[in-house]
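Student: Return a 3D structure for these sequence lines:
(chains A and B)
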Amino acid sequence: MKEKIAELLNSAVSHLKETGAFPADYNPEITVENARDKAHGDFATNLALKSSKVAGMKPRELAERIIESLPSDPAVRDTEIAGPGFINFFLNEASHLEIIREVVEQGTDFGLSRQGQGQRIQVEFVSANPTGPLHVGHGRGAAYGASVADLLEAVGYDVHREYYVNDAGRQMTILAVSVWLRYLELQGESLSFPANGYRGEYIIDIARQLQKDHGDKLHHPTASVLSDLPPDEPDGGDKETYIDALVERCRKLVGEAAFARIFDLGLNAILGDIRQDLSAFNVDFQQWFSERSIQTNVSEALKILDEKGYLYEQEGATWFRSTDFGDDKDRVVRRDNGETTYFASDIAYHLNKFDRGFDRVINIWGADHHGYITRVKAAIEALGIDPTRLEIRLVQFAILYRGSERLSMSTRSGSFVTLRELREEVGKDAARFFYVTRKAEQHMDFDLELAKSESKDNPVYYIQYAHARVCSMLAKLRSMEASQPTSVNSDTLAPLTLEDEKDLAAMMARYPEVLARAAEQLEPHQLTHYLRELAGRFHTYYNAHKVLVDDPELREARVALSLAVRQIIANGLGLLGVSAPESM
RNA sequence: GCGCCCGUAGCUCAGCCGGAUAGAGCAACGGCCUUCUAAGCCGUGGGUCGUAGGUUCAAGUCCUACCGGGCGCGCCA
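Tutor: Numbering: from 1, shown residues only, chains lettered A, B, ... in the order given. The predicted structure follows:
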């Protein structure tokens, strides 16, 4: 409908150009907005205000000329000039209600569009290090990423969801040694656990598996493990140096092959757990991309940068000249010990992403990575790829509250609240919904009590309840053995004459726009707010007017209206990974 | 110190790439269940949009400076 108004305005502009009111080369951007106030009609344009200078006329005068030049259209009942020079459009009743027919006919397809034109777009999200279970901080990235991906798909993009598995780094070797130490404890050794080791309960579970698989074959006495190591942090030493030495000792004692088995056992156990967790959270990926698999491409990527002259040697290390692209300082890609950095892997990974042919790449990162954006974009640009094809969205942390009590979390100590615990406590639906009710870059307070509450305080239940209400009303209709509308046409809808009904229809007409906008701006919270409002209007309507009235024609019309509302709620919740229950 | 994000009702937040009188929910107060689920609805009060300038027909929205809060500034990943 909006497009139609814009078309009308467009032809008015051409007409005014012909009559000389506008210069022939004038091509204004025509914006049509939904009127905020019903008194202002259905749509409004500021065209006259924007163009008054060019036309050399007062805005209201120009508005009059524009209206005179508008072709007539059956859907438009009236136009008016308002305020400083807005042109307001009023639609006739039938055009309002038409949307109900569209929704019912299109069903689950209603709201989908092709604006993405099948462009290939990759969304990389979560990508948490496989060193432990996902915690509530990852949950927000998961919920946000999944909703963004689904939204993009809904508006016609070819979406590829990917999880980058950091399975190559030092952290993973620390994980392996943590498992091994717990294994030694299970074998009866007693030793003090390193300050920098992973202390979670899950490590012990993995150690039990290790014991089951390998018996005592990996057992070494404490003395041989700890002899001649530098001091750990509690003894005044450096925890990093200590843990690295411990890793080396472990490799030496058990041998590289066995170390690799411990490593893989830990990796697979944790990754399996993460997959299961995400799957239960309704978050699925097309691909789990291993950092190890890209290692062979790292030197290749660095070679390209070198050939382009962006690398140099200093103090034994190799540096990337990221300052050429606006970074604060140059970055090391190969350390003086010859090993490439994590950043180097990331350069290769991003090169690989674009080599795979994605038109656009979206990275969803935790807020703590924001210092990393410039250098990755710099690398992309240095490799000759348009950096605007890479969009990076940061997700701020969620702070958990239980009522007014703030819950703390810390990965290393193992005392964090896991995503699984959250899901078990508040449920998948509430968790998915709550995480995306705020803009991603907005800090968020996540109140467990509110998410669990079964009342109107809780927006998830509020929206789901609107859906369930329609379902139970339909069940009653069936028990009355009354006819349910099989098809909807303008005659069916004609009895809908109430203001509330018109409002609901107008609100539903906005749904496709809301989707398009939420997708384009990567902001699922726009959809949550829309659904909250739609559900609210429906509750108001439902409370004030009976749907299952005796008059069969009015009943049929109101049932059609309710069906349409239910459909949009179901469609919208689906995109957020939230279920739409038939009864509650 | 530098960079990014944020500052809107007592609280949590919207505010549609500048538009008409700034909106919800919660909390507070007052009403509504023999009628399709009260997990709901109706009503009342509540604001110098952090501060000061600037841009223009029009600024919560854009620009500049400052104030306040968060995060990040490794040859870690």
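Student: Tell me how many other residues crowd whichever residue of the stretch 301-450 of chain A sits closest to RNA strand B.
Tutor: Sorted by distance to RNA strand B under CB to the nearest atom of the strand, the residues of the stretch 301-450 of chain A start with residue A:371, at 2.4 Å. For every residue, glycine as well, the C-beta is placed using N, CA and C. Summarising burial for residue A:371: neighbours were counted as other CB atoms under 10 Å, giving 9.
Student: repeat for the one 4 residues further on
Tutor: For residue A:375, the count of nearby residues is 22 (other CB under 10 Å).
Student: contacting residues for it?
Tutor: For residue A:375, the contacting residues are A:320, A:322, A:327, A:331, A:343, by CB atoms under 8 Å, 6 or more residues apart in numbering.
Student: In CSV: these, plus pLDDT and secondary structure.
Tutor: Supplementary listing: these in CSV, determined by pLDDT from 0 to 100; DSSP: H, G, I helix; E, B strand; the rest coil:
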residue, pLDDT, secondary structure
A:320, 95, strand
A:322, 92, helix
A:327, 87, coil
A:331, 94, strand
A:343, 93, helix
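Student: so which of these are also by RNA strand B?
Tutor: Among the contacts of residue A:375, proximity to RNA strand B is found for A:331, A:343 (CB under 7 Å from any atom of the strand).
Student: Determine which two of the contacts of residue A:375 are furthest apart.
Tutor: The span of the contacts of residue A:375, defined through CB to CB, is set by A:327 and A:343 at 11.2 Å.
Student: on that earlier part again, would you convert the contacts of residue A:375 into CSV that also reports distance to residue A:441 and neighbour count?
Tutor: Putting these into CSV (distance: CB to CB, whole Å; neighbours: other CB atoms under 10 Å) gives the following:
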residue, distance to residue A:441, neighbour count
A:320, 27, 27
A:322, 24, 23
A:327, 21, 19
A:331, 25, 21
A:343, 24, 17
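Student: Closest to residue A:295 out of the contacts of residue A:375?
Tutor: Set against residue A:295, the nearest of those by CB to CB is residue A:343 (13.7 Å).
Student: who's the residue nearest to that closest one when sequence neighbours are not counted bridged to?
Tutor: Nearest-residue entry for residue A:343: residue A:331, 5.7 Å, with adjacent residues in sequence omitted and distances by CB to CB, 6 or more residues apart in numbering. Beta-bridge partners recorded for residue A:331 (DSSP bridges): residue A:320.
Student: What average pLDDT does the helix or strand where residue A:561 lies get?
Tutor: Residue A:561 belongs to helix A:552-575 when elements are defined using DSSP states H and E. Mean pLDDT, taken over the full extent of helix A:552-575, equals 94.
Student: Now the residue in the stretch 101-250 of chain A that RNA strand B sits nearest to. Nearest residue, chain neighbours left out?
Tutor: When CB to the nearest atom of the strand is the measure, the stretch 101-250 of chain A has its nearest residue to RNA strand B at residue A:169, with 2.0 Å between them. Computed as CB to CB, 6+ apart, the closest residue to residue A:169 that is not its neighbour in sequence is residue A:342, at 6.1 Å.
Student: For stretch A:559-566, list every residue counted as buried.
Tutor: Residues of stretch A:559-566 classed as buried under the neighbour-count rule (16 or more other CB atoms under 10 Å) are A:559-566.
Student: whoops, I mixed them up, stretch A:511-527
Tutor: By neighbour count, with 16+ other CB under 10 Å as the criterion, the buried positions of stretch A:511-527 are A:511-519, A:522-527.
Student: Find the residue ranges of the stretch 351-500 of chain A scoring beneath the pLDDT cut-off.
Tutor: A:403-404, A:408-416, A:455-456, A:481-486 (pLDDT under 70).
Student: 50 instead, please
Tutor: When the per-residue scores of the stretch 351-500 of chain A are filtered using pLDDT under 50, the ranges that remain are A:411-414.
Student: what about the strands in the stretch 1-150 of chain A?
Tutor: Shown for the stretch 1-150 of chain A, the strands assigned by DSSP state E, counting those that start in this stretch span residues A:32-34, A:43-45, A:76-82, A:86-91, A:120-124.
Student: I'd like those strands laid out as JSON lines, including mean neighbour count, mean pLDDT and distance to RNA strand B.
Tutor: Output for the strands of the stretch 1-150 of chain A, formatted as JSON lines (neighbours: other CB atoms under 10 Å; pLDDT from 0 to 100; distance: least, CB to the nearest atom of the strand, whole Å):
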{"stretch": "strand A:32-34", "mean neighbour count": "17", "mean pLDDT": "86", "distance to RNA strand B": "5"}
{"stretch": "strand A:43-45", "mean neighbour count": "22", "mean pLDDT": "91", "distance to RNA strand B": "3"}
{"stretch": "strand A:76-82", "mean neighbour count": "16", "mean pLDDT": "90", "distance to RNA strand B": "3"}
{"stretch": "strand A:86-91", "mean neighbour count": "22", "mean pLDDT": "90", "distance to RNA strand B": "4"}
{"stretch": "strand A:120-124", "mean neighbour count": "22", "mean pLDDT": "96", "distance to RNA strand B": "14"}
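Student: ok, back up a step: quick one, what contacts the residue nearest to residue A:343?
Tutor: By CB under 8 Å, 6+ apart, the neighbours of residue A:331 are A:319-320, A:322, A:341, A:343, A:375.
Student: how deep is the closest residue to residue A:378 other than its chain neighbours tucked in, by neighbour count?
Tutor: Excluding the flanking residues, the one nearest residue A:378 by CB to CB, 6+ apart is residue A:325, at 3.5 Å. Neighbour count of residue A:325, defined by other CB under 10 Å: 17.
Student: show me the contacts for residue A:325.
Tutor: The neighbourhood of residue A:325, defined by CB under 8 Å, 6+ apart, consists of A:374, A:377-378, A:381-382.
Student: most surrounded residue in these?
Tutor: Most neighbours among the contacts of residue A:325, by other CB under 10 Å: residue A:378, with 23 neighbours.
Student: Settle this for me: that residue is touching residue A:327, isn't it.
Tutor: Yes: Residue A:378 lies in contact with residue A:327 (CB atoms under 8 Å); the separation is 5.3 Å.
Student: care to break chain A down by domain?
Tutor: In the assignment given by automatic domain parsing, the structural domains of chain A cover A:2-91, A:170-254, A:455-575.
Student: I am finished for the moment; much appreciated.
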